[in-house]
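Engineer: sequence plus predicted model, see below.
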Amino acid sequence: MVAVENITQLIQEKARELLSSGQVELVIGYQRASDGVTARPAFVRKAEDAGKLIFDQTCTHNLGKYAIEHRGKSLAIVAKACDTFGINVLIQEKQIVREKTYVIGINCPGVVESSFGETGDRLQYRCQICQEHAPAVFDYIVGDPILEKPLDFDPYAKVKELEALPQEERIAFWEKHFDRCIRCYACRNACPQCYCTECVVEQIDPNWVGAPIQVPEKQIFHVIRAFHLAGRCIGCNECERVCPVGIPLSLLNMKFSLEVEQQFGYKPGRDPEVCAPLATYQPDEDLGIGG
Amino acid sequence: MARIGVFLCHCGTNIAGVVRISQVREAVKDIPQVVLVEESKYMCSEMGQGGIREAVEKHKLDRVIISACSPRMHENTFRKTVADAGLNPYMLEIANVREQDSWVHADDKDAATEKAIALTRMAVAKALLNQPLTPKRVGLTKRALVIGGGIAGIQAALDIANTGHQVVLVEREPTIGGRMAQLDKTFPTLDCSSCILTPRMVEANQHPNITLLTYSEVTSVSGFVGNFQVQIRQKARHVDATKCTGCGICWQKCPDTVPSEFDTGLGGKKIISIPFAQAIPNIPVIDMPNCRYVKHLEGQKEGKKLPPCRICEKLCPTGAIDWDQEDQVLTEDFGAIVVATGFKPFDYGRYAEFGAGKYADVIGLLQLERLLSASGPTQGELKRPSDGAHPKTVVFLSCIGSRDERMGKPYCSKVCCMVMAKQAILLKDHDPEIQPYVFYIDVRAGGKDYEEFYQRSQREQGVLWLRGRVSKLYQDGGKIMVMGEDSLMGRPVEIAADLVVMATGMEPNDGAVELAQTLHISYDTNNFMVEAHPKLRPLETNTDGIFLAGTVSGPRDIPETVAQGSGVAAKVAGLFSKDELATDPMVANVDPMRCTGCFLCSEVCPYGAIDKEPARDGRLLAKVNESLCKGCGLCVAGCRGNCINLKGFTSQQVIEEIMALCR
Amino acid sequence: MSLDYEPRIIGFLCNWCAFAGADLAGTTRTTYPSNIRIIRVPCSGRVDPLLVLKAFQQGADAVLIAGCHPGDCHYVQGNYYARRRFALLRQFLDYLGIEKERLRLEWVSASEGRKFSRLVTEMTQEVARLGPRKDTVKRPARQAPVLRPLGQEEAAPALKGGAAAPAKSGGE
């Protein structure tokens, strides 16, 4: 693993400073989890507790979610590069107030695959394909800048592989996976971009999805969620990580990311001035549809 | 529990001849909450409507379903019927089993009947979720905008002004008058066109209720009926209208001449000029790109020395020349808009076989009008463009850019046959020795005295009408050779003509499409603007408060155009007779319990109808401004959390419709 | 026309252009297959992709969204948003096994009656060629419970009160 002790120290110092000066009421960061090896989110309200904040390559969580919950307060948030894209999206969508949010951005070396009690050296797939290790928004930046190395493979390779399968095999693939879904909504709950007060899939008036836990309903739930994330998903992949039955959700969300990038040349959260693709249009664009 | 009445219309045999009404009745009567099913031969008739009213009262219905023609036909009719019976008019749904069923599936009665049942079920499913809706009342601005200062626009402006309301007449050219000003005489009366037009122009100019904005264009329109906000750009004439007296010294002394658009390129105009002698207002315009002084100033910047001129400025007795004058943008409020932007003639240069516009002596109808006109480029002397010689043999070709699929103009332009007859007669008046020939496909002389006029051209004036087409024109020395056919005699014909006149069809004026888009009104495949109903509502568009008059909606002659001008005035007066208008209550509505304040709705709304309203915790949530909302539903489709809904087309209703259709 | 199966097509037509165009197809007495069922919406921009998903869930074999030509939307820009939304959705549904041909977005103006007619005819034929849906978004068809009149015995024991036991509902 890459040595990141100095990042931890810098974060602790900054947190201490922000809390004791009263600039923020709450610092959202990471602390060591109860298994002693992985990390979990931390909520530090007193300067003397700043010592529990850590940062290492097990810090996989996207903390933007908590920033929404605590939006009324002035807060600081520890954010890896990908997390900052999400924060930009939330700022654009007025779920976070930029002026009240102090972003501690991290030049992130990538996070490793881990589960409770275990960790290792293998970078998560989303970090393997990452080409943007620098935060897009920050008030304080820590960590050495990472030199971007060009990939020798297509980041969307897995999506394209699935696309290339014949229809029956694709249908069978998805049926096999959606069959295991238990509609626990862990994926939705882990995603910062899913902040609706009453998620459409749980609404009964109107009943968009239906109650049965059968493949058609489960499939519709995932299609709706993926569509609602189109142009907003930043690929943190927490949804896939938290899924208790291991559904390859990245293959759904990345399909939309691929389409959005190809059709509109847009990647969410990189530039808060650029309009999200479904919030704007070009009169003369040719999207291969509409005759 | 709802009490739904379903009313099945036979529409004579239009529906009943294909859809088995009794089967529909059987299927529908068992739908839960349907308490009554009735039939009528013509539901929209007094008897049919009376039946609905009675049924509502007698059976205490709270929702009415009518299975009949398209809602676009009679939704308003039946809303009134239902309202008369004491129900909220929005507790009505109509199933389209005529235009979208019996008329298109006449070959399969079983399928048509099944579909009628499905569509009726769909209407019931939607109606179960209908809520009573109440329109809001808004005030209106009793001021009319007329776009286009031709005879249609002038007539409309005069008639509206005479009802006591203010009118602003916006015209793109420097003068009002339109096409009629370019004509010599009008058929079938052979009235001098200018003589009958100019008194109207003067009246419009002098009327206290009419404001003329010439050399101006409408650039943007927003709002809704009774409450339009319009931006008008007044282009700079570079002549101060408050000082200019129209004395004419400037254009007399201006040293340069360019082709005149008014004279269709056959004559010239000075750089500072008015389009024609009776122009109103008679304030000239400086054609800046061609002006010597402007070229001198540009040349100075590039280090070139060109003569400065400025003769007009030096000679103007009131100092009205204003080189620095700029375009003005006005923002005005109007309650009604009349579109009367007219037509332009088809470009005959598109016919390669007729010389592609290269032969000087092959001209269009409007060009001949200018040549015949006493105020035209040849002062009314019949001189042909190439060498000024008097033509003795003149050949007319009909249907140029009309009735021609190849040119994308399948329609008939209605008036050209009569124009040819008129011009042929006028040629003979000028010189009895001229022999006019007219190659025609059919002669259309449908108006009052038109047939007699056409017969007169043959019998009294000796115009030769040859039924046949012309395949080619080519120049041979000083003649244009016309190769045609006399199909009644069954032989080819070749005529050596001195002058050939193309009967150019009508097409919408330049900028018509852009104006339609600015106004958000429809235009058809020929770019003519679309009426609300071609038979019964020829002066209205689908947008309330915007009306059409004249050739903007299709080819027509002067009597019709004038009638339409007066007609729209009646429509506008009717609109302005009310002090309040009811707005459409089918507007969007935010559920503040669900809204997360992301304002995606605001980004997609075309009308800026989403306001920001603070919630109890200080966060801003979306709220719909019902006066601006037009009920398009873009916000509803965009909102991820289903936090906003559209009254009259709620998501719940559409889902119920889908479920009813997918049974 | 003879089709191996009768596809059910749901059409969302905008009130100002496409629905009027469909009316014109009727006024001018064109013919097209009756498989399509039309739902009127104020604008093609009103069509939430979730509504289209609902239609597919309920068993529609194809969905048509028809609106005004770009630039002519009665509400200025609804069709532009519809274009973006369905460009994305169509690709995604294809990925999940609902063929691209089953979701169409078309521009039909109020004067294009014949175009509408041709469009529906062509679409119905194309969807018929594709055959029934093979994906798993479609809810399986439920078999209606079998109700026998009182007094008639049946293999399954009758419930108290005399009503027969309903047949098991089908599911795949």
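Structural biologist: Sure, I can see it. Residues are numbered from 1 along each chain as shown, chains lettered A, B, ... in the order given.
Engineer: pull the contacting residues for residue A:123.
Structural biologist: Contacts for residue A:123 (C-beta atoms under 8 Å, 6 or more residues apart in numbering or on different chains) come out as A:110, A:111, A:112, A:113. C-beta here means a position set from N, CA and C on the backbone, and glycine is covered the same way.
Engineer: show me the beta-bridge partners of it.
Structural biologist: Counting by DSSP bridges, residue A:123 forms beta bridges with residue A:112.
Engineer: next one: it from residue A:58, what distance?
Structural biologist: From residue A:123 across to residue A:58, the span is 12 Å (C-beta to C-beta, to the nearest Å).
Engineer: what is in contact with these two at once?
Structural biologist: Joint contacts of residue A:123 and residue A:58 (C-beta under 8 Å, 6+ apart) are A:111, A:112.
Engineer: low-confidence ranges in chain C?
Structural biologist: Chain C contains residues with pLDDT under 70 at C:1-4, C:142-172.
Engineer: would you map the strands across it?
Structural biologist: For chain C, the strands defined by DSSP state E occupy C:9-14, C:36-41, C:62-67, C:103-107.
Engineer: pick the most buried one from the ones you listed.
Structural biologist: Most buried of the strands of chain C by mean neighbour count (mean count of other C-beta atoms under 10 Å in any protein chain shown) is strand C:62-67; its value is a mean of 29.
Engineer: what helices and strands are in contact with it?
Structural biologist: strand C:9-14, helix C:18-27, helix C:49-57, helix C:78-96, strand C:103-107, helix C:113-130 (3 or more C-beta pairs under 8 Å, 6 or more residues apart in numbering or on different chains; DSSP states H and E).
Engineer: so what's the gap between the shortest one and the chain middle?
Structural biologist: Same thing as strand C:103-107. 12 Å (C-alpha atoms, centre = their mean, to the nearest Å).
Engineer: out of the helices and strands packed on strand C:62-67, which is closest to chain B?
Structural biologist: With C-beta to the nearest C-beta, the closest approach to chain B among these belongs to helix C:18-27: 3.2 Å.
Engineer: residue 144: how many residues sit nearby?
Structural biologist: Defaulting to chain A. A count of nearby residues for residue A:144, using other C-beta atoms under 10 Å in any protein chain shown, gives 11.
Engineer: my question was about chain B, not that one.
Structural biologist: Neighbour count for residue B:144, taken as other C-beta under 10 Å: 31.
Engineer: helix or strand: which one has it?
Structural biologist: Assigned by DSSP states H and E, residue B:144 belongs to strand B:143-147.
Engineer: tell me what the following helix or strand past that strand is packed against?
Structural biologist: The helix or strand immediately downstream of strand B:143-147 is helix B:151-161, counting by DSSP H and E. Under the contact criterion of 3+ C-beta pairs under 8 Å, 6+ apart, helix B:151-161 touches strand B:143-147, strand B:166-170, helix B:193-206, strand B:210-213, strand B:336-339, helix B:558-576.
Engineer: cutoff 6 Å now
Structural biologist: When contacts are defined as 3 or more C-beta pairs under 6 Å, 6 or more residues apart in numbering or on different chains; DSSP states H and E, helix B:151-161 sits against strand B:143-147, strand B:166-170, helix B:193-206, helix B:558-576.
Engineer: would you turn the helices and strands packed on strand C:62-67 into JSON lines with distance to chain A?
Structural biologist: Formatted as JSON lines, these follow (distance: least, C-beta to the nearest C-beta, whole Å):
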{"stretch": "strand C:9-14", "distance to chain A": "13"}
{"stretch": "helix C:18-27", "distance to chain A": "12"}
{"stretch": "helix C:49-57", "distance to chain A": "6"}
{"stretch": "helix C:78-96", "distance to chain A": "4"}
{"stretch": "strand C:103-107", "distance to chain A": "5"}
{"stretch": "helix C:113-130", "distance to chain A": "8"}
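Engineer: nearest to residue A:200 among the ones you listed would be which one?
Structural biologist: Relative to residue A:200, the nearest member of the helices and strands packed on strand C:62-67 by C-beta to C-beta is helix C:49-57, separated by 6.9 Å.
Engineer: near chain B, anything from that closest one?
Structural biologist: Yes - contact of helix C:49-57 with chain B (C-beta under 6 Å from any C-beta of the partner chain) involves C:51, C:54, C:55.
Engineer: wait, the first one touches residue B:652, no?
Structural biologist: This means residue C:51. No - contact criterion C-beta atoms under 6 Å: residue C:51 and residue B:652 do not qualify, at 10.9 Å.
Engineer: state the distance from residue B:315 to residue B:384.
Structural biologist: Here the criterion is C-beta to C-beta. By it, residue B:315 lies 36 Å from residue B:384.
Engineer: more crowded one of these two?
Structural biologist: When neighbours are counted by other C-beta under 10 Å, residue B:384 comes out ahead of the other of residue B:315 and residue B:384, with 21 against 14.
Engineer: name the SS class of the more buried one, please.
Structural biologist: Recorded secondary structure, residue B:384: coil (DSSP: H, G, I helix; E, B strand; the rest coil).
Engineer: please name the residues that touch it.
Structural biologist: B:361, B:391, B:499 (C-beta atoms under 6 Å, 6 or more residues apart in numbering or on different chains).
Engineer: the first one contacts residue B:388, correct?
Structural biologist: No - in this structure, residue B:361 is not within contact of residue B:388 by C-beta under 6 Å, at 10.9 Å.
Engineer: higher neighbour count, the two?
Structural biologist: Counted by other C-beta under 10 Å, residue B:361 and residue B:388 do not tie: residue B:361 has more neighbours, with 22 against 10.
Engineer: the more buried one: what's it in contact with?
Structural biologist: By C-beta under 6 Å, 6+ apart, the contact list for residue B:361 reads B:384, B:386, B:480, B:499.
Engineer: give the bridge partners for residue 39, please.
Structural biologist: In the absence of a named chain, this looks at chain A. residue A:32.
Engineer: actually it's chain C I care about, not the one you picked
Structural biologist: Under DSSP bridges, the beta-bridge partners of residue C:39 are residue C:12.
Engineer: and it, how far is that from residue A:30?
Structural biologist: 50 Å.
Engineer: just checking, what packs against the helix or strand where residue B:475 lies?
Structural biologist: Assigned by DSSP H and E, residue B:475 belongs to strand B:470-476. For strand B:470-476, the elements it packs on are strand B:479-486, judged by 3+ C-beta pairs under 6 Å, 6+ apart.
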